[in-house]
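In: just need the structure, nothing else, for what follows:
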Amino acid sequence: MHIDDTTRHIADSSALHILRRTAFLIAFIIMTLGPAYAGETADAPISTNAPRDGVVRSGDTISSMLGDVLGASEIHAFAQACKGVFSLNRLRVGQTYVLTTDASGFRAFRYDIDDWEQLVVERSGDGFAARTVRVPVDVREDTLIGSVSVPNGFSSAVSVAGGDRDLALMVADIFAFRFNAWKDLRPGAAFNILVERKFRRGAFVGFGRVLAATIFTPGTVHEAFWYRSADGRASYYTAEGENLQPYLRAPLESYTLASGYASNRLHPVTRRWQPHYAIDYAAPRGTPVYAACDGEVERITQDRKAGRHIVIRHDGGYETMYLHLNAVAEGLEEGRRVVQGEIIAFVGSTGFATGPHLDFRMRKDGRLVNPRGKRTLSAPPLAQNERRFLRHVVVACRARMGTTSVAMRPMTDTSL
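Out: Residues are numbered from 1 along each chain as shown. Take a look at the predicted model:
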C-alpha cells in the first residue's frame, strides 16, 4: 500500500468515527431533552393555562365562541349543562367572557351576564357543570349632599348630587310614612344621604343600602338610620329608636321599581294584557329578601307561574307574598315566626319571569291590595337594650354625613 493510500484510509476512518460520534450525541440529546428540543412540538403542546378574554360580537353564538376548543358533540353537551341555569340565547353583544384552557383542552368558561352575575361552566369528568355566581364587588360609603331647587324636584336634586332615580326612590320610601318626598319637599329643602356605592373592576355598578339620611325642611329635621338588632330585626329608626316603617314597602336592601300595581298590564312572558296586583322590584340574583313585618311563615312552596315563593301571615288580617325566589333562607320553615327585616330568601327568576326580581304582594282579609299604599300594619319601636347600640350608629353616621348636630341649620317655618 502506498503512503497516499494509507493516509486516505486513516482520514476516512477518522471522519466515519466523527460522524458516528455526532449521531450518537444527537440521539442522546433527543432522548434526554425530549422532542421539543429537536423541533418536534406539534404532538407535545406546551400550555401556559393563560385565560383568553373575549367580547360577544354581533352574530356570535356559543358555537362560534368555543368552536376552536370544543367539537360539535361537546358544544351540545355544554348547552345541555346550561339548561335551567342560563339560556344561551340571552348572550348579549358587548358582554365579556373568559375562556380557560390547558394541555387537554377546555377547562372553564365565565360569561358576564350583567354587572352582578356570571355564568360559570367548567369541565366535569367527561361532561360539563354550569352554575351562576354573584360577581364580587367593592363597597364604599359615600355621602351625597344637595337641595331641592324646584317644586316636585327631589329626584332631580338627588341626581345632581351624584345619585339617581333609584336612590331617590329608596330615600323616599324610608320617609314615606312621614311625608311624600316627591310632592312635599319644596324648594329650599336639603338632604344628606349616606349610602353604599358598589364597584366592579374599578367601575361604579350601582348603589347599595342607604345607611342613613337626613332631610332638612324649614322648621323640621327628619333623620333615619338603618339598624339591625341582635334578634335579626332591621329597619330605619329615628335617633331615639322610633321605627319609621310600620312595614317595609320594598323588602330589599336596594332595588329598582320595575313594574307597579296595575289593573291592566302587558305580561312580559305571556304577552297578554292582565291585572298586575303586585310590585316588581328588580335586583341582582341572590339579593337578600326581608320579611316586611313581624309574622308567621304560612307557606313555602313552588309552582309553574310564581316559581319558588313564600307567604307570611301578619296581624290585622294581612299577608305578604314573595315570588320568583332563587332560594329560601336556611332554617326557614312553615310555622316559624319571623321579625321585620329578617332575611327570609334571595332574589331569583323562578317561574314566569324574564329576569331576577322580587314580585311583592300584599293581601288584606284575602283581597290583594297595593303594598305601596299606607296600611295599618305596625312595627314595634326598638327595644330599650338596643338603643345604646343604636346611639353609636347615630353618632358615627352623623359624623360621616357632616351632620354632627341636628340643629346645625336655622329653621323658621314649621311646615314642609
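In: residue 141 in helix, strand or coil?
Out: strand (DSSP: H, G, I helix; E, B strand; the rest coil).
In: who is it paired with across the strands?
Out: residue 196 (DSSP bridges).
In: for it, what are its contacts?
Out: 194, 195, 196, 197, 211, 400 (C-beta atoms under 8 Å, 6 or more residues apart in numbering). Using the backbone N, CA and C atoms, a C-beta is placed for each residue, glycine as well.
In: from these, list the buried ones, please.
Out: 194, 195, 196, 197, 211 (16 or more other C-beta atoms under 10 Å).
In: closest one of the contacts of residue 141 to residue 125?
Out: Nearest to residue 125 among those is residue 196, at 41.0 Å by C-beta to C-beta.
In: got the contact list for the closest one?
Out: Counting by C-beta under 8 Å, 6+ apart, residue 196 touches 139, 140, 141, 142, 207, 208, 209, 210, 211, 254.
In: save those as TSV, and put in pLDDT and distance to residue 218 too.
Out: Putting the contacts of residue 196 into TSV (pLDDT from 0 to 100; distance: C-beta to C-beta, whole Å) gives the following:
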residue	pLDDT	distance to residue 218
139	94	35
140	96	33
141	96	29
142	96	27
207	95	28
208	94	31
209	96	29
210	98	23
211	98	26
254	91	30
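In: for this protein, which strand extends over the most residues?
Out: strand 203-217 (DSSP state E).
In: check the offset of that strand from the chain's centre.
Out: Distance of strand 203-217 from the chain centroid (C-alpha atoms, centre = their mean, to the nearest Å) equals 17 Å.
In: pairing partners for that strand, with directions?
Out: Sheet pairing of strand 203-217 (DSSP bridges) gives strand 190-200 (antiparallel), strand 220-228 (antiparallel).
In: let's have the buried ones among the contacts of residue 141 in a markdown table, adding distance to residue 241.
Out: Shown next, in a markdown table, are the buried ones among the contacts of residue 141 (distance: C-beta to C-beta, whole Å):
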| residue | distance to residue 241 |
| --- | --- |
| 194 | 19 |
| 195 | 22 |
| 196 | 23 |
| 197 | 28 |
| 211 | 17 |
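In: do you have the strands of the stretch 101-250 of the chain handy? List them.
Out: 105-112, 117-124, 127-134, 138-147, 190-200, 203-217, 220-228, 234-237 (DSSP state E, counting those that start in this stretch).
In: got the phi and psi for residue 88?
Out: Per-residue torsions, residue 88: phi -70, psi -10 (degrees, to the nearest 10).
In: correction: residue 81
Out: Torsion angles, degrees, to the nearest 10, at residue 81: phi -70, psi -30.
In: for the one 10 residues further on, same thing?
Out: Geometry field for residue 91 lists phi and psi as phi -60, psi 130, criterion degrees, to the nearest 10.
In: give the contact list for the residue lying closest to it once chain neighbours are set aside.
Out: Counting by C-beta to C-beta, 6 or more residues apart in numbering, residue 91 lies nearest to residue 56, which is 5.4 Å off, once chain neighbours are set aside. Residues in contact with residue 56, defined by C-beta under 8 Å, 6+ apart, are 65, 91, 92, 93, 94, 95, 96, 97, 111.
In: tally of neighbours for the second one?
Out: One way to gauge burial is a neighbour count; for residue 91, by other C-beta atoms under 10 Å, it gives 17.
In: for stretch 213-227, the averaged confidence score.
Out: Stretch 213-227 comes out with an average pLDDT of 95.
In: give the buried residues for that stretch.
Out: Going by 16+ other C-beta under 10 Å, stretch 213-227 has these buried residues: 213, 214, 215, 216, 217, 221, 222, 223, 224, 225, 226, 227.
In: okay if I get the residues you listed as JSON lines plus distance to residue 307?
Out: Shown next, in JSON lines, are the buried residues of stretch 213-227 (distance: C-beta to C-beta, whole Å):
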{"residue": "213", "distance to residue 307": "33"}
{"residue": "214", "distance to residue 307": "39"}
{"residue": "215", "distance to residue 307": "37"}
{"residue": "216", "distance to residue 307": "43"}
{"residue": "217", "distance to residue 307": "42"}
{"residue": "221", "distance to residue 307": "43"}
{"residue": "222", "distance to residue 307": "38"}
{"residue": "223", "distance to residue 307": "38"}
{"residue": "224", "distance to residue 307": "33"}
{"residue": "225", "distance to residue 307": "34"}
{"residue": "226", "distance to residue 307": "29"}
{"residue": "227", "distance to residue 307": "32"}
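In: which of these sit farthest apart?
Out: Largest separation among these by C-beta to C-beta: 217 and 227, giving 23.4 Å.
In: any idea how far residue 196 is from residue 118?
Out: 21 Å (C-beta to C-beta, to the nearest Å).
In: related to what we said a few turns ago, wait, which of the strands paired with strand 203-217 is closest to residue 178?
Out: Counting by C-beta to C-beta, residue 178 lies closest to strand 220-228 out of the strands paired with strand 203-217; the figure is 6.3 Å.
In: how far out from the middle of the chain is that closest one?
Out: Offset of strand 220-228 from its chain centre (C-alpha atoms, centre = their mean): 26 Å.
In: also stretch 170-188?
Out: On C-alpha atoms, centre = their mean, the centre of stretch 170-188 falls 27 Å from the chain's centre.
In: what does that stretch contact?
Out: With C-beta under 8 Å, 6+ apart, stretch 170-188 has contacts from 147-155, 158, 168, 191, 193, 207, 210, 213, 215, 217-218, 222, 224, 236, 244-246, 249-250, 254-255, 372, 374, 416.
In: gap between residue 341 and residue 158?
Out: 24 Å.
In: could you give the bridge partners of residue 121?
Out: Assessed by DSSP bridges, residue 121 has beta-bridge partners residue 109, residue 130.
In: what is the burial count for it?
Out: Around residue 121 there are 24 other residues, counting by other C-beta under 10 Å.
In: in this structure it contacts residue 127, no?
Out: No. Taking contacts as C-beta atoms under 8 Å, residue 121 lies outside contact range of residue 127: 10.4 Å.
In: list residues touching both of these two?
Out: Shared contacts of residue 121 and residue 127 (C-beta under 8 Å, 6+ apart): residue 81.
In: give me the contact list for stretch 225-232.
Out: With C-beta under 8 Å, 6+ apart as the test, stretch 225-232 has contacts from 209-212, 234-239, 339, 341-343, 382-383, 386, 389-390, 393-394, 397.
In: only the buried subset of these, as a PyMOL command please.
Out: Restricted to buried positions by 16+ other C-beta under 10 Å, the PyMOL selection for the contacts of stretch 225-232 reads:
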select buried, resi 210+211+212+234+235+236+237+238+239+339+341+342+343+382+386+390+393+394+397
